[in-house]
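In: Provide a 3D model corresponding to the input given below.
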Amino acid sequence: MKALLIPVKDPANAKTRLAPLLSPDERRRLAWAMFEDVSRAVADVTRADRVYLVSSFAPAIAHAQGLGWEVLKEATQAGESASIDWASAVLAERGVGAVLRLPADLPLVRAADLDALLAIEVRSPAAILVPSREGTGTNAILRTPPTLFPSRFGPNSLALHREEAARAGIECLIVNNERIALDIDDPADLQALLELGRGTAAHAALAGMHIGLRIADCGLRN
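Out: Numbering: from 1, shown residues only. The predicted structure is shown next:
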């Protein structure tokens, strides 16, 4: 059985690196818009047997339940790695053989991107990593079994995950995907979203905030 696992934290604590450009309320609205974009992509995925949300954020839980996803409720949120590893252990106990962790801040992702990852046949134990745009982060990770090695999300997570995989005795398959590669963490990512994300909820949210003018003021616009 293959599953998608989406972690969502309280958006009140989301996207702090965007604080120079966005107010706390704007960051919350952007985080939710990206979650909506990811939700729309996941709704059309055909190769996942189950979709799980791990969260303690009540609106995200209600949203997931409305979509028919299964929910793993957290009592506390110590960090994304802790959330993913706890959820992966639960899913392994439930008989899930492979878990694809997908962050909720990938506004460009499409169902075809996720189906393509899930269609890759790997023999367990194995892992697939999708790098971030700058090539140092991990924007999607599939592990089989789900608890194959610990999560190391944060700075330089791609190298750290490869090191963990090596300690587990496997070599990761690296798959590049330009839509999955764009997560939104800093002001430069907002510029890329404005250029590439027309038609997404996140793009519409940014347009409503007139963020382009602020990016220009910060000297990020070419």
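
In: quick one: contacts for the nearest residue to Ala116 once chain neighbours are set aside?
Out: Sequence neighbours aside, Asn177 is the residue nearest to Ala116 in space, at 7.7 Å (criterion: CB to CB, 6 or more residues apart in numbering). Every C-beta, even on glycine, is put in place using the N, C-alpha and C of the backbone. Counting by CB atoms under 8 Å, 6 or more residues apart in numbering, Asn177 makes contact with 113, 116-117, 130, 140.

In: quick one, what contacts Leu72?
Out: Going by CB under 8 Å, 6+ apart, the list of residues near Leu72 reads 52-55, 86-87, 90.

In: circling back to that earlier point, just the contacts of Asn177: which are in strands?
Out: Among the contacts of Asn177, the members falling in strands are 130, 140 (criterion: DSSP state E).

In: only whichever of the contacts of Asn177 are buried, select them in PyMOL.
Out: For the buried members of the contacts of Asn177, the matching PyMOL selection, counting by 16 or more other CB atoms under 10 Å, is:
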select buried, resi 113+117+130+140
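
In: what does the residue nearest to Ala116 show for phi and psi?
Out: When read as degrees, to the nearest 10, the backbone of Asn177 gives phi -150, psi 120.

In: where does it land on pLDDT?
Out: According to the predicted model, the pLDDT of Asn177 comes to 98.

In: distance of it from Gln77?
Out: The span separating Asn177 from Gln77 equals 27 Å under the rule CB to CB, to the nearest Å.

In: report the secondary structure element holding the closest residue to Ala119 other than its chain neighbours.
Out: In this structure, Ala119 finds its nearest non-sequential neighbour in Arg47, 5.8 Å apart by CB to CB, 6+ apart. Element membership of Arg47 [criterion: DSSP states H and E] is none; it lies in no helix or strand.

In: quick one on the thing from earlier: in strands, which of the contacts of Leu72 appear?
Out: Counting by DSSP E, the members of the contacts of Leu72 that fall within strands are 52-55.

In: between the residues you listed, which sits nearest Ala98?
Out: Set against Ala98, the nearest of the ones in strands among the contacts of Leu72 by CB to CB is Tyr52 (12.6 Å).

In: quick check: bridge partners of that closest one?
Out: Beta-bridge partners for Tyr52, by DSSP bridges, are Leu5, Glu70.

In: could you list the low-pLDDT ranges of this structure?
Out: Along the chain, the parts satisfying pLDDT under 70 run over 218-222.

In: all strands for it, in order.
Out: Going by DSSP E, the chain shows strands at 2-8, 50-55, 70-73, 98-101, 126-131, 138-144, 173-174.

In: out of these, nearest to Ala205?
Out: Between Ala205 and the strands of the chain, the shortest gap by CB to CB is with strand 2-8, which sits at 16.4 Å.

In: lovely, talk soon.
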